[in-house]
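Q: Sequence first, then the predicted structure, then my questions.
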Amino acid sequence: MKKITGFVLIDIMRNRFVLIYTLLLGVMAWTVFNMEDSASKGLLTMLNVVLLITPLVSVLFATTYIYNSSEFIELLLSQPVRRSAIWISMFGGLSSSLVLSFLIAAGIPTLIYAPLNQALLLIFTGAIITIIFVALALLASIFTRDKAKGVGIAIMVWLYFALLFDSLILFLVFQFSDYPIETFMTVVTASSPIDLARIMNLIQMESSAMLGYTGAVFKKFFGGSWGLLLSALIMIVWATVPFLISLRIFNKKDL
Amino acid sequence: MIVVTDVNKSFGTLKALRHVHVNCQPGECIALIGPNGCGKTTLIKSILGMVLPDSGKITFDGQPVQQSYQYRGRIGYMPQIGRYPDNMTVKQVLDTIKNLRSSIKNPDTQLYDAYQIKDILHKRMRTLSGGTRQKVSATLASLFNPDVLILDEPTAGLDPLAAEILKDYILQQTSRNKLVLITSHLLSELDNLVTEVVFMQDGAIKFHKSTASLKQETSGSTLAQAITLVLKQNRA
């Protein structure tokens, strides 16, 4: 398994896309922190980058990479290699290279400019969101052999979690604004990793006032160490469950 | 060595394999023949564990193949259409597989030398012609001295000289008590090469006979004649 992960990593490094992503993200992070007059504003901008660009890049790159590796997977399958080892290596190689480039590009400037605990939380959420969207990409690409369809599903997944889900929540909030739905909202939030990450970070940045009364409920829940730990756990579940489902399908697939 | 027992497989409504039984022993060179889409490649892929049968059992040296993967280290597989990562060079492909099969100490470089793979090591896979690709596939299948060779349409796309080299290699392997499984449409190519014939149609095995008895029964002088006669008898 180590060997195959090595092949995947070398192959990704040879592909210039990840390098360009690292460079662009790095340039963006350094400019953001240098242009904003306060670190907290910079951190807020970085948060939006983490919540929109990182998942998009992860899900698109991982999906296309899986489709482009179909020959490689086929070649490996006729060799004395465990089937699950191939898929796990794909997941490991993709997520570690994307997480690494995120850490280098966005992690270093954030650590330098932002307060430590907020910076660490932002870096953790960025890394885990990368892994979550690689896992979702693996799931999207296992469902269909058609590359165009697979990439389409991947974009839909991103669109749903990054944009549509918010509109849905907004709609719910307006419709039920007469009822005490704050606790319910906390639960709903957990069903989108991006929203969960946003709230975790906003609470840490003491920007919960922007969220009104719901913000107070969120703060009570996510502000404590238990809430933080629980949300981190939910994020990890978001990363593992889609991957495990895709692994199950891959193990039973005819190739 | 490879025993296939009552294997069924369907892709949706298409029944690709129906109650397939095959028994392959070392030293045999088995030709798997039949019309297009009769399930030859599906059977081969089931043996390799790339296609998972709906029911039935396939064993390699007594071990069921479904739970195991090590047995593939003893098989050299040459696919019908060799699909390789486009931007890898020939050398990188060979090194990758060598690395995976590091337990094999002395590789068999006979085909590697005969096909002069050394001269194309630096070329990327996408730049190779269909025939050269087939040469790389054949080299990969033979390189690790496998006990079993599975060749899916091996000579399609190869030039006559390269095909002849491959045939010599196959004959040599059979005489070394190895098992060779070939699928092909060109019956004339298989003459003198194969010891057994398995004929498949619509996913089922119609007959499995040794070449000698087949020729004797039909008093045909070549394999092609013998098989044509059998098919005519079946229809009548």
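A: Looks like it arrived, so ask away. Numbers count the residues shown, from 1 in each chain, chains lettered A, B, ... in the order given.
Q: Which residue is it, in chain B, that comes closest to chain A?
A: B:Gly73 (3.5 Å; C-beta to the nearest C-beta). To be clear about C-beta, it is placed using only N, CA and C from the backbone, and glycine gets the same treatment.
Q: ok so that residue is a helix residue?
A: Yes. With DSSP: H, G, I helix; E, B strand; the rest coil as the criterion, B:Gly73 is part of a helix.
Q: from memory it sits against A:Val81, does it?
A: No. Using C-beta atoms under 8 Å, B:Gly73 makes no contact with A:Val81, being 9.2 Å away.
Q: and the gap between the residue nearest to the residue of chain B closest to chain A when sequence neighbours are not counted and A:Arg145?
A: With C-beta to C-beta, 6 or more residues apart in numbering or on different chains as the measure, A:Pro80 is the residue that lies nearest to B:Gly73, at 3.5 Å, once sequence neighbours are left out. To A:Arg145, A:Pro80 is 25 Å away according to C-beta to C-beta, to the nearest Å.
Q: Same check on A:Gly26?
A: Taking C-beta to C-beta as the measure, A:Gly26 and A:Arg145 are separated by 36 Å.
Q: Same check on A:Asn15?
A: A:Asn15 is 22 Å from A:Arg145, by C-beta to C-beta.
Q: who's more crowded, those two?
A: For A:Asn15 and A:Arg145, the more surrounded residue by other C-beta atoms under 10 Å in any protein chain shown is A:Asn15, and the numbers stand at 16 against 12.
Q: can you give me how far stretch B:216-225 is from the chain middle?
A: Centroid separation between stretch B:216-225 and its chain, computed with C-alpha atoms, centre = their mean, to the nearest Å, is 23 Å.
Q: One more: stretch B:34-41?
A: A distance of 13 Å separates the centroid of the chain from that of stretch B:34-41, by C-alpha atoms, centre = their mean.
Q: residues contacting B:Pro107?
A: For B:Pro107, the contacting residues are B:Lys98, B:Leu143, B:Phe144, B:Asn145, by C-beta atoms under 8 Å, 6 or more residues apart in numbering or on different chains.
Q: Report the mean per-residue pLDDT for stretch B:139-148.
A: When pLDDT is averaged along stretch B:139-148, the result is 91.
Q: Burial check on residue 33, number of neighbours?
A: You didn't pick a chain, so chain A it is. Other residues near A:Phe33 number 19, with proximity taken as other C-beta under 10 Å.
Q: The intended chain is chain B.
A: By other C-beta under 10 Å, 23 other residues sit near B:Ile33.
Q: next one: B:Lys123
A: Close neighbours of B:Lys123, defined as other C-beta under 10 Å, add up to 14.
Q: State the phi and psi torsions of it.
A: The main-chain torsion angles of B:Lys123 are listed as degrees, to the nearest 10 and equal phi -80, psi 150.
Q: so it makes contact with B:Met88?
A: No. Applying C-beta under 8 Å as the test, B:Lys123 and B:Met88 come out as separate, 10.3 Å apart.
Q: what about the residue of the stretch 51-200 of chain A found nearest chain B, which helix or strand?
A: When distances are taken as C-beta to the nearest C-beta, the stretch 51-200 of chain A approaches chain B most closely through A:Pro80, which lies 3.5 Å from it. Here A:Pro80 sits in a region with no helix or strand, counting by DSSP states H and E.
Q: Quick check: phi and psi on the nearest residue to A:Phe165 once chain neighbours are set aside?
A: Taking C-beta to C-beta, 6+ apart, and ignoring the residues beside it in sequence, A:Phe165 has A:Ser192 as its nearest neighbour in space, at 4.5 Å. Per-residue torsions, A:Ser192: phi -140, psi 120 (degrees, to the nearest 10).
Q: avg pLDDT for stretch B:127-135?
A: Computed over stretch B:127-135, the mean pLDDT rounds to 92.
Q: Equivalent analysis for stretch A:37-53, please.
A: 86.
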